[in-house]
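A.B. asks: model the following, please.
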Amino acid sequence: MQNSINKAAAALLLIGATACTCSAAAANGAFTGDVSFTSQAQLGNVFTVGETVQIEADVKQGDRVDWCVTDWEGTQCSAGHAAVKDGKVCFAPAATGKGYYSVFVVAQGGQTGRTAYAVVPAVDIARMGDAKFGVMTHFAQNMPLDFLPLLAKAGIAHVRDEQYWAHVERTKGAFDFSHFEGYMAALKKYQIQPLICMTFGNPIYDQQKGPNGKPLPDYKLAPWNPALYDAYANYCVEVLKHYGRQLDAAEIWNEYNGGSFIAGAAAKNKFKTYTDMCRVVYQKIKAARPDVTVVGAATVKIPLPYLEKLFKQGALDAMDAVAVHPYMSPDEAERSLAALVAMMKTFNHGKTKPIWCTEYGFSTDKTPERLEAAKHLVRISTCLLTQPEVQRMYWYLARDYAAQGFASMGILHEQNDPMGPLTPVMAYPAYANFISLLHHATFLQHAKTDVRTRLYAFEKATQQLWIGWSMFETANLQITTRKPVTLINLVGGEKTLTPVDGRVTVTVDETPVYILADKGAAASVAEMPRRDAMIADSESEFGGPDVTNSWSFLYCGNNKTGTAPYDPGQAVPMTWKPSPGDWADTWAGPGEWFNHSAGAGQPGVIAGGQGWAIRRWTSTVEGPIHVLAKITTSTQGDGCGFKVFLDGRELYNKLLPVKAKDTIDLALTVTKGARLDFVATPGPATDTSYDVAGFRIQILTVAK
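C.D. replies: The predicted structure is shown next:
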């Protein structure tokens, strides 16, 4: 190795000698990005199975580079040297199986760089028109079109975008689509189906002003009277008429319930205004284009109390499908979708309607690879498919778009990313792999497991498929089979498992895995008993007054610093009711957002002091127990406190900053009726804005 190579990288990059730990060098800042990757053999460094993998790089000085490739788990799988010619280098890694790969390059003169590539299953996008899987794009906001071939390559057959009313109709009765024609033509070229969200208001019809006396922006001008409903409906019809059969669906508004896209007169009674608007729109669209699916509700999250009020107005009669945005945990999404299905039956004569999840995503993973986002994508997408009513799902976002505030939500990097234009993050091959496996698959059952484990069974054509993971510790799955089965990892890598005495064991953690078997193998998959057993679980056992279990929801006041003695007997029961904004039914204390939801607690302020949100487990057992809790805090605000008490005796007390994570692991001995209190506090500043403590608490037997 050349002496001029960066010493920090040289200590870690021992190509041909020992295991390559280039990824550690990158994490420590050794890879500075001096080697650039503007040139690519394939757009985005995305290859399909069977294509030759080639990586190109631009090098400012020197005549050779050392390089290594690690797989998605950070294990070296290919390494070598390459000559530099005219400032460019090209090499072909041996790692060409399906998956995600990080590439690290060290050149002479201390230059370093990193990029990534993905290998995905080959797919014919022309055969994917009936698929459920899509992504959100922002072509209406001038997002470049250059990544469309990569959507087609992944089998992503649907995108959701917009054609703003105020841009289309600048003069009453005159419609101009020139701003949007380019992206619609490009989608047609790549055989990708657009869903157009009909947004937003139009100041040529509505000149409402906000509390500051300034005109409301277009995106808050929701129609609120018959004349505006009629004008908005005319715009919707014109969009559908203009593009003809290219559009087979229309979504009516965006996140009407959230507050970001509605103000003024419409917000005074949003249940009625939205329902009245939908009735007019539905009638006009069906008269002009009876084949079009009218997608209504258009809510952020799955706000069940809000949807119930909307359905009571009769809104279900004015839509063919219900749109929701499940930005939530997979478990919560699964429960909420099941509740939504039941609710539709209540208000629709025992019948359901299709559900379109027109946005869902993951915003907190800002690493170059985004492993956590990829895990979430597969887990929640699996849970969405447990409801047969879910007809479409659109991951947010197709590619990063920093110009609009979405710098780390895409399945692809931006054009100007240091890793190279449109390079993949792990979510890209994870989604391509998911689509390849689940397209035309039928959900069979959520297998019976420990509450910590998820195991879902599907079938398609001649194959059986299981998807499994464990969010708390690891679990062992036993596969009973007469023939070998295939274990497929998060990003598509495959491994053949051969049974011994008719069985194979697979260990799973929070990263989903797939088990694929031929139907002729007569295979089955079940969880093996754990070394401990669940006594209580705070999330799966959350519910209202009709739910009988060992959990209760209380509050109490303390002084401003939270240092006054805690008396568990003084805690007061919360009230079960919808949260502000009708987001969800929660246990509420005395104050806005002072509550407990399924996976979180938010403290409040009482008489100028701290208001504590208390989730209590009353022991149903006697003897030793194991308490395991995972705590997270919001990405905004000033953090929050968290405490644990056993019959008033403090066991844990931390003031957690924003974006914090902590694990509580306690071995305790309890008596029946003992009170174990988990308390979210606002901290000494008593500023409760965003003071949400996300948590999941599990009470377990002691492991054998």
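
A.B. asks: in this structure V491 contacts G99, no?
C.D. replies: Yes - V491 lies in contact with G99 (CB atoms under 8 Å); the separation is 4.6 Å. Any C-beta I mention is one placed from the backbone N, CA and C, and that applies to glycine too.

A.B. asks: where do the contact lists of these two overlap?
C.D. replies: W72, A118, P429 (CB atoms under 8 Å, 6 or more residues apart in numbering).

A.B. asks: okay, and which of those residues map to helices?
C.D. replies: P429 (DSSP state H).

A.B. asks: among the shared contacts of V491 and G99, who's most crowded?
C.D. replies: Top of the shared contacts of V491 and G99 by neighbour number is A118, holding 31 neighbours under the definition other CB atoms under 10 Å.

A.B. asks: where's that one relative to T52, distance?
C.D. replies: According to CB to CB, to the nearest Å, A118 and T52 sit 14 Å apart.

A.B. asks: and for V341?
C.D. replies: Going from V341 to T52 by CB to CB gives 47 Å.

A.B. asks: so between the two, which is more surrounded?
C.D. replies: More crowded of V341 and T52, by other CB under 10 Å: V341, with 17 against 9.

A.B. asks: can you list the low-confidence ranges for the stretch 451-600 of the chain?
C.D. replies: Applying pLDDT under 70 to the stretch 451-600 of the chain flags no residue at all.

A.B. asks: swap the cut-off to 90 and go again
C.D. replies: Filtered on pLDDT under 90, the stretch 451-600 of the chain yields the residue ranges 472-473, 520-523, 591-592.

A.B. asks: can you give me the strands in the stretch 401-550 of the chain?
C.D. replies: Here the stretch 401-550 of the chain has its strands, by DSSP state E, counting those that start in this stretch, at 442-446, 453-460, 463-470, 475-480, 485-488, 494-497, 503-508, 513-518, 524-527, 534-537.

A.B. asks: V491 and G99: which has the busier surroundings?
C.D. replies: Neighbours of V491 and G99, each counted by other CB under 10 Å, are more numerous for V491; the result is 30 against 24.

A.B. asks: any idea how far that one is from A157?
C.D. replies: Going from V491 to A157 by CB to CB gives 20 Å.

A.B. asks: picking that back up, ranking the strands of the stretch 401-550 of the chain by burial, who's on top?
C.D. replies: Burial of the strands of the stretch 401-550 of the chain is given as mean neighbour count (mean count of other CB atoms under 10 Å); strand 463-470 ranks first at a mean of 22.

A.B. asks: what does that one contact?
C.D. replies: With CB under 8 Å, 6+ apart, strand 463-470 has contacts from 375, 378-379, 382, 437-438, 441, 447, 452-459, 475, 477, 506, 508-519, 521, 523, 525.

A.B. asks: please save the CA atoms from that strand in CSV.
C.D. replies: The C-alpha trace of strand 463-470 is given here as CSV (Å, rounded to 0.1, in the frame of the first residue of the first chain):
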residue,chain,number,x,y,z
GLN,A,463,-44.7,-20.5,-3.2
GLN,A,464,-45.2,-20.1,0.5
LEU,A,465,-43.7,-16.9,2.1
TRP,A,466,-43.2,-15.9,5.7
ILE,A,467,-42.0,-12.5,6.9
GLY,A,468,-40.7,-12.3,10.5
TRP,A,469,-39.0,-10.1,13.0
SER,A,470,-38.7,-9.5,16.7
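
A.B. asks: how distant is that strand from the center of its chain?
C.D. replies: How far strand 463-470 lies from its chain's middle: 19 Å, per CA atoms, centre = their mean, to the nearest Å.

A.B. asks: repeat for stretch 516-525
C.D. replies: For stretch 516-525, the distance to the chain centre is 30 Å (CA atoms, centre = their mean).

A.B. asks: now the terminal residues of that stretch, how far apart.
C.D. replies: Taking CA to CA, to the nearest Å as the measure, stretch 516-525 stretches 11 Å from start to finish.

A.B. asks: can you check stretch 637-655 too?
C.D. replies: With CA to CA applied, stretch 637-655 spans 13 Å between its terminal residues.

A.B. asks: coming back round to it: of the shared contacts of V491 and G99, which is the nearest to G641?
C.D. replies: Nearest to G641 out of those is W72 (CB to CB; 36.8 Å).

A.B. asks: could you tell me the model confidence score at that closest one?
C.D. replies: At W72, the pLDDT value in this model is 97.
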